[in-house]
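> Give the three-dimensional model of this entry:
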Amino acid sequence: MTVKHLSVEYDKVNERGTFSPGDTLSGKVTVVTSKEIKVQSLVVKAKGKAKVSWCEQEGQATVIHSNKKKYFNFEHIILQDKKKGDGSEIISPGRNVYPFNFVIPDTDMPSSYKGRWGTITYSLRAQLTQSVWLVQKTKTEFPFLTKSEFPFQQHATRITFYGSGRITMNVTSEKMGLKQGEAMGISVEVINGSARTVTPKFYLCEKQTFVAQSKRMVHTNDIFCGTGDSVPAETSWTVTKILSIPPQLPPTFFNCCMMKLEYRLKVLLLHSKVQDPEIKLPLVILLGSPKPLQQKPKRSIWFRKLPG
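Okay, the predicted model is just below:
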């Protein structure tokens, strides 16, 4: 083919390589040709959209539930022939570079996200049209971060839940909000009045919720975080655990009308009974600061300061 290469690239505005509402998104479209060509148009588009879709069996029929929302859709015309169809615009042989820029709307939009049945994507698309039968396209996605933050981001909160029966479990969390890559302390006071040893296990519970056409679909995933020390029968003991949030885990969000992402901290006591006692604490995962890959999260010293 005459067109050897077509690509669209964006310029980074920070060390994350991410964009937020109000930022200017600039970049270039590169076209490499083996000889001079005539084209009808060369355009680049910037899009932001959310989309959910899943299938359900209703009787004998398979029903598709889907919904989508556009946050913005801009088009920048780089080349367009004067008569809209005669291919009067010329691209010279070799490497041709065309700059562009868009201003992202300064409105509340959710961050980029890929879930079980839904995605939130922000992308650039370039299209080179030589004729009705000869159209070439290319696409790249750019990471987008919302400006929305939770009001308790910097506040440490102690939350305690109480169990009942012969086994009592008091779980205290250092914080309600924790940044990606950070670590925090969890304290579990176990009063084991039973005749068996119990062992606490820790999980980070992820809950994805998707909504389309008045239907709701939920996907859950429990991430195992480790096991605490066992508590023998007829004894009381306080077990401590340092929970580290994986830096790649997506932050909590609620600012999309079709999907949301929530987390809980689950502490489960392994016991011989059919149902093991468990407690779930609310936890919001916040956007973390960029760090070198070799740097490890700092361990919490919260338990040294915790009053008796």
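> Tell me, please, where in this structure the pLDDT is lower than the cut-off.
Across the chain, residues meeting the criterion (pLDDT under 70) sit at 83-87, 149-165, 272-276, 290-308.
> Break it into its domains for me.
Under the assignment automatic domain parsing, the domains of the chain span 3-141, 156-305.
> Tell me the span between the first and last residue of the shortest one.
From its first residue to its last, domain 3-141 covers 23 Å (CA to CA, to the nearest Å).
> Can you give the distance of it from its chain's centre?
21 Å (CA atoms, centre = their mean, to the nearest Å).
> pretty sure residue 178 is touching residue 282, no?
No: in this structure, residue 178 is not within contact of residue 282 by CB atoms under 8 Å, at 11.3 Å. Bear in mind the C-beta positions are built from the backbone N, C-alpha and C, glycine included.
> between those two, which one's more packed in?
residue 178 (24 against 14; other CB atoms under 10 Å).
> ok so, going back, tabulate the domains of the chain (a markdown table), appending distance to residue 148.
Putting the domains of the chain into a markdown table (distance: least, CB to CB, whole Å) gives the following:
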| stretch | distance to residue 148 |
| --- | --- |
| domain 3-141 | 6 |
| domain 156-305 | 5 |
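> Which of those domains sits closest to residue 147?
domain 3-141 (5.6 Å; CB to CB).
> and residue 14, that one's in a strand?
No: counting by DSSP: H, G, I helix; E, B strand; the rest coil, residue 14 is not part of a strand but coil.
> who does the closest residue to residue 192 other than its chain neighbours bridge with?
Leaving out its chain neighbours, the residue that sits closest to residue 192 by CB to CB, 6 or more residues apart in numbering is residue 231, at 4.8 Å. With DSSP bridges as the criterion, residue 231 is bridged to residue 198.
> Excluding its own residues, what touches the lengthiest strand in the chain? List them.
The residue-count maximum for a strand in the chain (DSSP state E) belongs to strand 61-80. The contact list for strand 61-80, computed with CB atoms under 8 Å, 6 or more residues apart in numbering, reads 29, 39-57, 89, 91, 98, 100-102, 104-105, 107, 109, 122, 211-213, 215, 217, 256-258.
> Drop anything exposed from the residues you listed.
29, 39-48, 50-52, 54, 89, 91, 98, 100, 102, 104, 109, 122, 211-212, 217, 256, 258 (16 or more other CB atoms under 10 Å).
> from those, which ones fall inside helices?
Counting by DSSP state H, the buried ones among the contacts of strand 61-80 place none of their members in helices.
> Quick check: residue 218 touching residue 211?
No: between residue 218 and residue 211 there is no contact under CB under 8 Å: 10.1 Å.
> sorry, back to before: would you enumerate the residues in contact with the residue nearest to residue 192?
190, 192, 197, 198, 199, 200, 237, 239.
> how far away is it from residue 169?
Here the distance between residue 231 and residue 169 works out to 10 Å (CB to CB, to the nearest Å).
> hey, what's in contact with both of the two?
190, 200.
> Look at residue 251 and say how many residues are nearby.
By other CB under 10 Å, the burial measure for residue 251, its neighbour count, is 22.
> If you could redo that for residue 73, that was the one I meant.
Neighbour tally, residue 73, other CB under 10 Å: 10.
> what do you get for the one 3 residues further on?
Neighbourhood size, residue 76 [other CB under 10 Å]: 17.
> likewise the one 4 residues further on?
Other residues within reach of residue 80 by the criterion other CB under 10 Å amount to 15.
> got it, and residue 66?
Neighbours of residue 66 (other CB under 10 Å): 16.
> how far away is it from residue 210?
Distance from residue 66 to residue 210, by CB to CB: 10 Å.
> between those two, what contacts are shared?
By CB under 8 Å, 6+ apart, the residues touching both residue 66 and residue 210 are 52, 54.
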